[in-house]
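Visitor: Show me how the following folds:
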Amino acid sequence: MRALVQRVKSGAVTIEKNETRRIGPGLVILLGVTHDDTAADVKFLADKCMNLRIFTDEADKMNLSLLDVAGSALIVSQFTLYGDCRKGRRPGFDAAAPPAHAIPLYEQFVAEFKQAGIPTQTGEFGAGMLVDIQNDGPVTLMVESKK
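Guide: Here you go, the predicted structure:
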């Protein structure tokens, strides 16, 4: 499981040109699921993301987590995080999990944030989306559940 984590001043996702879901300061997390991911990967990655110390403290050091700053999260499914661009010019997505496997894990990941009391918005799995990100820093990290 992979999460591209971005510290943001704000984030929004517009789904199928209709509904827009927004957050203020916090994290935008683009989440990719692969074939052998499990509930244990979800728990590890969700805990890692919400506890990453990437927000600045009073001394301007990255020393605070999303939980510490009472920030929000926008979580968007992103199968292209498992795109393989090593051969040819078109990425292959064989490493991305099919929806039947990925959707329950994505939903569990979102539930972990909500259970932690983090105000959470989501994209819509498989929908066409436009994501607006006001990256703060910029701070962008790739976090994975496996080596």
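Visitor: Would you map the strands across the protein?
Guide: Taking DSSP state E as the criterion, the chain contains strands spanning 2-15, 19-23, 26-32, 55-56, 62-64, 72-77, 120-122, 129-144.
Visitor: for these, which one sits closest to G92?
Guide: The stretch from the strands of the chain with the least distance to G92 (CB to CB) is strand 26-32; that distance is 14.0 Å. C-beta: built from backbone N, CA, C; applies to glycine.
Visitor: Show me what that closest one is packed against.
Guide: If you count contacts as 3 or more CB pairs under 8 Å, 6 or more residues apart in numbering; DSSP states H and E, strand 26-32 packs onto strand 2-15, helix 66-69, strand 72-77, strand 129-144.
Visitor: Give me the distance between the two termini of stretch 17-25.
Guide: According to CA to CA, to the nearest Å, stretch 17-25 extends 24 Å from its N-terminal end residue to its C-terminal end residue.
Visitor: in it, what's buried?
Guide: Neighbour counts using 16 or more other CB atoms under 10 Å place R21, I23, P25 of stretch 17-25 among the buried residues.
Visitor: Looking at the residues you listed, which one is closest to D47?
Guide: Within the buried residues of stretch 17-25, distances to D47 taken as CB to CB reach their minimum at I23, with 19.7 Å.
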